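1. sequence below, structure please.
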Amino acid sequence: MDGYEVKEVMDQVHISSEMQEEIMMNVQSRMENGNKKAWNWKRMAAAAAALALTAGVISTPVRAFVASVVTERMESVPGEEMKDLNDMVQSQNVLADGFSRAYSDREKERSKALWQAYESGTFPEKVIAQVDDADAAPEGTLCYIRATGVFNLPAQEMTDEEMLEIIDFQHKMSYAVAHGSQVQDARAESKEKEARLKKILQDAGGISGDEAVEIAKKQFETDLGDAADGLELMTDSLGRSASLLDASDYAELESKAGVIYEVSFGNTDSHAVYGYLIDAVDGSILHTYSTESAQ
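-> Numbers count the residues shown, from 1 in each chain. All right, here's what the predicted structure looks like:
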């Protein structure tokens, strides 16, 4: 999966940039630990984002900062610079942006406050330095490595200015990607695909989304028992609890008519996700996925 696909998935379900960073850091960590099942992460990223939206913890979506100071800042960036950022993301063969080291506990706490400050108009004095490859990254200096999509962090705790430069750059990348031609084409394709899947489902006499949700709820309670109380049913940006998917996107699965539902449960505090892929014709559960914290 190209890097922009993950960003676009999260943008489509109106995830905030702060949550986007947290999910991407989690994705990067799991990829480094050898988990290469990218399609699971695409769905889990979307599920986590939808969970945040449902819980009301999202500030504003990247592509819909209406009359905000951040919108004004993004719109003030020259078009050529935004195009360059979008082109850079498209060229990166990575699932998500990475970090040369993990944030310390103190940095994580400060980052949350700085995200809020940024979206209220507190911007960095400078822009983050960029280098083409890792060999050009100055040791001990914050910079972004364009070839690999990695933020090269200093060994010592970062200053507020440095963390704001990262936040600012991530906003710019997300904004550039959301307004790029690739994403616009992807959105149009997504609408056409949804219409096609609904027609297939209708012709096959499949189950409804509500029925898929009930199937998932029963299995969820069986699988997790008392632990299920900490996770709630999630909805997407349109308020749907069951997402209709093309089974051909998941080579491991075999469905009756090539159409499946996804139903997910999650926790707003831990961002734990537990979900099911369900055959849209006979209601059988084809696959179960979860983050470790959900089990």
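2. going by C-alpha atoms from here, please, whenever you check contacts or count neighbours.
-> OK.
3. what's the neighbour count on residue 122?
-> 15 (other Cα atoms under 10 Å).
4. which ones are touching residue 232?
-> By Cα atoms under 8 Å, 6 or more residues apart in numbering, residue 232 lies in contact with 265, 266, 267.
5. actually residue 82, not the one I wrote
-> 172, 173, 176 are the contacts of residue 82 under Cα under 8 Å, 6+ apart.
6. go again with 6 Å.
-> With Cα atoms under 6 Å, 6 or more residues apart in numbering as the criterion, the residues that contact residue 82 are residue 176.
7. pLDDT score for it?
-> For residue 82, the model assigns a pLDDT of 91.
8. which strand or helix spans residue 221?
-> helix 209-224 (DSSP states H and E).
9. now the stretch 1-150 of the chain, which segments are flagged as low pLDDT?
-> Along the stretch 1-150 of the chain, the model assigns pLDDT under 70 to residues 1-67, 94-96.
10. how far does stretch 68-87 sit from its chain's centre?
-> Put simply, stretch 68-87 sits 20 Å off its chain's centre (Cα atoms, centre = their mean, to the nearest Å).
11. list the buried ones in it?
-> Neighbour-count burial for stretch 68-87, counted by 16 or more other Cα atoms under 10 Å, picks out 69, 70, 71, 74, 82, 83, 85, 86, 87.
12. right, and the pair among these with maximum separation?
-> 69 and 87 (25.2 Å; Cα to Cα).
13. is residue 244 in a helix, a strand, or coil?
-> strand (DSSP: H, G, I helix; E, B strand; the rest coil).
14. who touches it in this structure?
-> If you count contacts by Cα under 6 Å, 6+ apart, residue 244 has them with 260, 261.
15. redo that, cut-off 8 Å
-> So residue 244 contacts 194, 197, 198, 259, 260, 261, 262 (Cα under 8 Å, 6+ apart).
16. ok so the first one is a helix residue?
-> Yes: with three-state DSSP as the criterion, residue 194 is assigned to a helix.
17. give me the nearest residue to it, chain neighbours excluded.
-> Ranked by Cα to Cα, 6 or more residues apart in numbering and with sequence neighbours excluded, the top spatial neighbour of residue 194 is residue 244, at 7.4 Å.
18. return the set of residues that bridge with the one you found.
-> Beta-bridge partners of residue 244, counted by DSSP bridges, are residue 261.
19. what about the helices in the stretch 101-250 of the chain?
-> Counting by DSSP state H, counting those that start in this stretch, the stretch 101-250 of the chain has helices at residues 105-118, 160-178, 181-204, 209-224.
20. now tabulate those in CSV and tack on distance to residue 272 and mean neighbour count.
-> Listed next are the helices of the stretch 101-250 of the chain as CSV, based on distance: least, Cα to Cα, whole Å; neighbours: other Cα atoms under 10 Å:
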stretch, distance to residue 272, mean neighbour count
helix 105-118, 18, 14
helix 160-178, 24, 21
helix 181-204, 27, 13
helix 209-224, 13, 17
